[in-house]
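In: Dropping the sequence and predicted coords here.
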Amino acid sequence: MTKQDLSTHHFQRKISDFCEVRIAPIASQRVLESIRPYLVGLVIHRRPPPIVNGRMDWTAIGEACGIENQMTGDLKKALRPGLDAIIRWLGGPPAADDIQPVKTRTKSRNTVRREVETATRSRPRQILSDKTPATSSSVPRGPQPKPISPFPEPLFEATDDPARFNDALVYHMRRFGESYWQLYRALVRLGETFDDKTLLSWVQGERVPRSLTSFEILSRIERRYQLAQGYFKAKLPHQSRSLYGHDMGDISAAERRRLAWHLPDNFSSLPFSKREEILEWVRRVIISGSTDYRRYQAAATKQRYAIRFPGITYGGGTLSPRPQVNSDSTSHNPEAFEDPDLLSGVVDAPPRLAMEMADLIRFKTSTLTAIGFQRNGVWGEETASQKVEHLGLMFGALAASPASVVKGRGVPLSKLTFGWPAAGFS
């Protein structure tokens, strides 16, 4: 190892210690783990921080670290000594202080006019043969983007294997000194519509991949970081969930949900004839056949215990109404039911529950929310239909008799509400 390499490794440790002492007390762990690899990367590649007009370009620094919204004044003040130390180590001139105001002198109108005339005479514009001004050959200002390597070298060997998906993704991004924006630039190809905010939501643990497009991005990350195929997919929660985004033509949404469980991940990339063959096989063998799964599904569908919301169900099938009972006269005692299987069928929701469901669907599907309310995402028609179906099954299980095959909770219909645990039935 040369003296230059020893100096680089020694300075890397000093920068890492600087982050622990100056950045960690005032920033979150995520911000710290975003800033440290960025500073270390500047040292490794011997590249100064971005400077515009003699001052630190904090916007470019925040984008490179992926913390644009967290770049506060206190964080800039704490980060400034580390950036200055890197500039001094590289032997460059120090950047101007961003805090101190710049002193300017007011010029008279005649002085400004003389300076403009002098500059015009001393730098005449270059005219082409067609009398079109020549384009400027000056180098654009601002930081140069980090070069993209298909297989970057890790900053340190992998000694940990986080169990959670977002922790594992952040850990390996830190190994290679990349922010989410740098990783996005390396993964997404020209013409693709994958949003960089989706990748950021994975890093922050707010969302996980669910679509075929997202799983293709995961495969590219695994190849880029030279990880085993399926490394990130094995760390996702809800492993039994089916993927969405399969190209199934004009098949209805309800049938799509049933078929998606049995389709391969590369279904959409297969030839049309092969896709038709797979769909025909799933319908014939799985959906309508005599497999163990089909026998279980057929037996389960006979135990009907849903609460129906006929006024707001999107595209639901028609179900014959079941006879109504006086729900106030029932209790949690199974013997209080005149017919134990009566509440194990499909019944209409009571008025109060139906109004609560209508308010929920209106809130989650409207373009704009009412003043003072916030929500996380908007439901489309297919999502709203699925939520109504799932919530109807949940309330149906609560209302079903404990003595029935469903073995429900036996809650009276008039007592069902979205605030059920707070109503004293916990």
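Out: It's in. Numbers count the residues shown, from 1 in each chain.
In: so where is the stretch 151-300 of the chain shaky, pLDDT-wise?
Out: For the stretch 151-300 of the chain, the stretches with pLDDT under 70 are 239-250, 253-254, 256-257, 261, 268, 289-291, 293-300.
In: Do a quick rundown of the helices in the stretch 51-200 of the chain.
Out: Using DSSP state H, counting those that start in this stretch, the helices found in the stretch 51-200 of the chain span residues 58-65, 73-90, 109-122, 165-175, 180-187, 196-203.
In: what comes into contact with the fourth one?
Out: The one in question is helix 165-175. 30, 33, 36-37, 154-156, 158, 160-162, 179-180, 183, 202-205, 208, 221, 225, 227, 231-232, 235-237 (C-beta atoms under 8 Å, 6 or more residues apart in numbering). C-beta: built from backbone N, CA, C; applies to glycine.
In: go on, the first one?
Out: Residues outside helix 58-65 that contact it (C-beta under 8 Å, 6+ apart) are 31, 34-35, 38, 49-50, 52, 68, 70-71, 76, 79, 83, 98, 142-143, 146, 179, 181-182.
In: Also the fifth one?
Out: The contact list for helix 180-187, computed with C-beta under 8 Å, 6+ apart, reads 63-64, 66, 145-146, 148-150, 173, 178, 194, 196, 199-200, 203, 217, 220-221, 224.
In: now with 7 Å?
Out: 63, 66, 146, 148, 173, 196, 199-200, 203, 217, 220-221, 224 (C-beta atoms under 7 Å, 6 or more residues apart in numbering).
In: Buried subset of those as a PyMOL selection?
Out: Per 16 or more other C-beta atoms under 10 Å, the buried members of those correspond to this PyMOL selection:
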select buried, resi 63+66+146+173+199+200+203+217+221+224
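In: how about the contacts of helix 180-187, which pair is most distant?
Out: E63 and R220 (21.5 Å; C-beta to C-beta).
In: Of the helices of the stretch 51-200 of the chain, give the one that comes closest to L353.
Out: Proximity to L353 (C-beta to C-beta) singles out helix 196-203 among the helices of the stretch 51-200 of the chain, at 32.9 Å.
In: quick check: angle from that closest one to helix 165-175?
Out: 100 degrees (axes from the mean of the first three to the mean of the last three C-alpha atoms, to 10 degrees).
In: just the CA coordinates of helix 196-203, formatted as CSV?
Out: Once non-C-alpha atoms are left out, helix 196-203 reads as follows in CSV (Å, rounded to 0.1, in the frame of the first residue of the first chain):
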residue,chain,number,x,y,z
ASP,A,196,-37.8,7.9,-8.2
LYS,A,197,-40.1,8.6,-5.2
THR,A,198,-41.2,5.0,-5.2
LEU,A,199,-37.6,4.0,-4.6
LEU,A,200,-37.3,6.6,-1.9
SER,A,201,-40.5,5.2,-0.2
TRP,A,202,-38.8,1.7,-0.1
VAL,A,203,-35.7,3.2,1.5
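In: if I look at K364, how far off is V378?
Out: With the distance defined as C-beta to C-beta, to the nearest Å, K364 ends up 7 Å from V378.
In: What of I278?
Out: Computed as C-beta to C-beta, the I278 to V378 distance reads 32 Å.
In: and if you look at P162?
Out: For P162, the distance to V378 - C-beta to C-beta - is 32 Å.
In: next one: P350
Out: P350 is 28 Å from V378, by C-beta to C-beta.
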